[in-house]
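# Sequence plus the predicted model coming up.
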Amino acid sequence: MSVVHRHNPALQQKLLHACLHDTPAAVLSLLQSLSVAEFRTAGWLLGENVLPQLDSARFWELFNVVVASCSKAYLGTFLKGAVRLRQRGKLQWSRSVLASFVDLSTAIDRRKMLEQLLPTCQTAGEAEELLCALGDETYDESAPTLLRLGTPWAYWLLFQWMRRHEGDRELLRDCGVRLVRKGDRLSFNMAAIVRQYFDITSIPGTFSLNLPPYAQGRMERSPENFLKVLQS
């Protein structure tokens with residue numbers, strides 16, 4: 001197994017200067033000029049130390065060139081940097097850059113982006129905008145990932161997707177069963193919502209969450225009301 005050396009001040013300074021001041025093409029050229037060992041170190045330094053120092057506009061400017069050149073080599077590194085920036089409240093979605101990336105990306109690329117970035121969302125609006133920016137306005141492609149992630153906003157988006165498919169009772173039952181199998185409290189509450197809201201009584205389990213009719217109406221009108229029920 002290759003060892004990644006995480007301490008290289010000279011390389012870090014070179015990368016930081018390039019990312020702050022050089023053209024995106026020059027940054028890409030620098031990365032491509034590195035030896036295999038330097039490239040591994042550069043990936044760690046970029047994700048942990050360099051990219052988190054950029055502003056949102058500069059991050060997406062580099063993403064648009066570097067990641068687009070080879071997502072296999074650079075996507076993971078930029079996602080690490082994106083998560084750090086999001087944690088600091090310094091990164092907003094770029095619809096134009098993400099739309100360009102989606103045109104060249106694979107389903108695996110988009111899944112990786114959703115898995116890393118959705119948990120950083122603080123509001124329903126941010127979460128919905130992310131899925132739309134990734135080209136999934138219907139949430140059909142993202143639904144399995146939403147179920148697997150199991151965060152509050154992931155379940156809000158999954159609930160919206162289920163409402164669009166409420167005529168497919170077998171699909172809804174399968175989702176409910178998968179939620180029960182996950183076993184955590186949030187997933188069990190989500191399974192209870194699926195069982196009661198969509199009247200899928202064949203979902204197995206004993207649920208403590210009770211969803212009276214008036215709560216169902218409130219829940220579907222507001223993501224905040226939905227979260228109150230989900231997290232109760």
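Received, thanks.

# shaky segments in this protein?
1-5 (pLDDT under 70).

# how about the helices in it?
For the chain, applying DSSP state H gives helices covering 9-21, 24-33, 36-45, 56-69, 71-87, 95-104, 107-117, 124-133, 143-149, 152-164, 169-182, 185-197, 213-221, 223-230.

# tell me what the second one is packed against?
What that stands for is helix 24-33. Under the contact criterion of 3 or more CB pairs under 8 Å, 6 or more residues apart in numbering; DSSP states H and E, helix 24-33 touches helix 9-21, helix 56-69. Backbone N, C-alpha and C define where each C-beta goes, glycine included.

# Residue 173 is nearest to which of the ones you listed?
helix 56-69 (38.9 Å; CB to CB).

# circling back to that earlier point, possible to save the helices of the chain as CSV with mean neighbour count and distance to residue 205?
Formatted as CSV, those follow (neighbours: other CB atoms under 10 Å; distance: least, CB to CB, whole Å):
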stretch, mean neighbour count, distance to residue 205
helix 9-21, 15, 50
helix 24-33, 15, 50
helix 36-45, 17, 44
helix 56-69, 19, 42
helix 71-87, 19, 34
helix 95-104, 15, 37
helix 107-117, 17, 27
helix 124-133, 18, 27
helix 143-149, 18, 16
helix 152-164, 21, 17
helix 169-182, 17, 5
helix 185-197, 21, 6
helix 213-221, 13, 19
helix 223-230, 17, 16
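
# Let's have those helices in TSV, adding distance to residue 204.
Compiled in TSV, the helices of the chain are given as follows (distance: least, CB to CB, whole Å):
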stretch	distance to residue 204
helix 9-21	52
helix 24-33	52
helix 36-45	45
helix 56-69	43
helix 71-87	36
helix 95-104	38
helix 107-117	28
helix 124-133	29
helix 143-149	17
helix 152-164	18
helix 169-182	6
helix 185-197	9
helix 213-221	21
helix 223-230	20
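
# returning to that earlier point: out of the helices and strands packed on helix 24-33, the one nearest residue 111 is which?
That would be helix 56-69 among the helices and strands packed on helix 24-33, by CB to CB, at 15.2 Å.

# With only the CA atoms kept, save the closest one in PDB.
Extracted C-alpha coordinates of helix 56-69, given in PDB (Å, rounded to 0.1, in the frame of the first residue of the first chain):
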ATOM      1  CA  SER A  56     -16.600  30.100  -3.400                       C
ATOM      2  CA  ALA A  57     -16.100  31.700  -6.800                       C
ATOM      3  CA  ARG A  58     -12.500  30.700  -7.000                       C
ATOM      4  CA  PHE A  59     -13.200  27.100  -5.800                       C
ATOM      5  CA  TRP A  60     -15.800  26.600  -8.600                       C
ATOM      6  CA  GLU A  61     -13.500  28.200 -11.200                       C
ATOM      7  CA  LEU A  62     -10.800  25.600 -10.400                       C
ATOM      8  CA  PHE A  63     -13.400  22.800 -10.200                       C
ATOM      9  CA  ASN A  64     -14.700  23.700 -13.600                       C
ATOM     10  CA  VAL A  65     -11.300  23.000 -15.200                       C
ATOM     11  CA  VAL A  66      -9.400  20.600 -12.900                       C
ATOM     12  CA  VAL A  67     -12.200  18.200 -12.100                       C
ATOM     13  CA  ALA A  68     -13.600  18.300 -15.600                       C
ATOM     14  CA  SER A  69     -10.200  17.200 -16.900                       C
END
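
# Many thanks, I have nothing further to ask.
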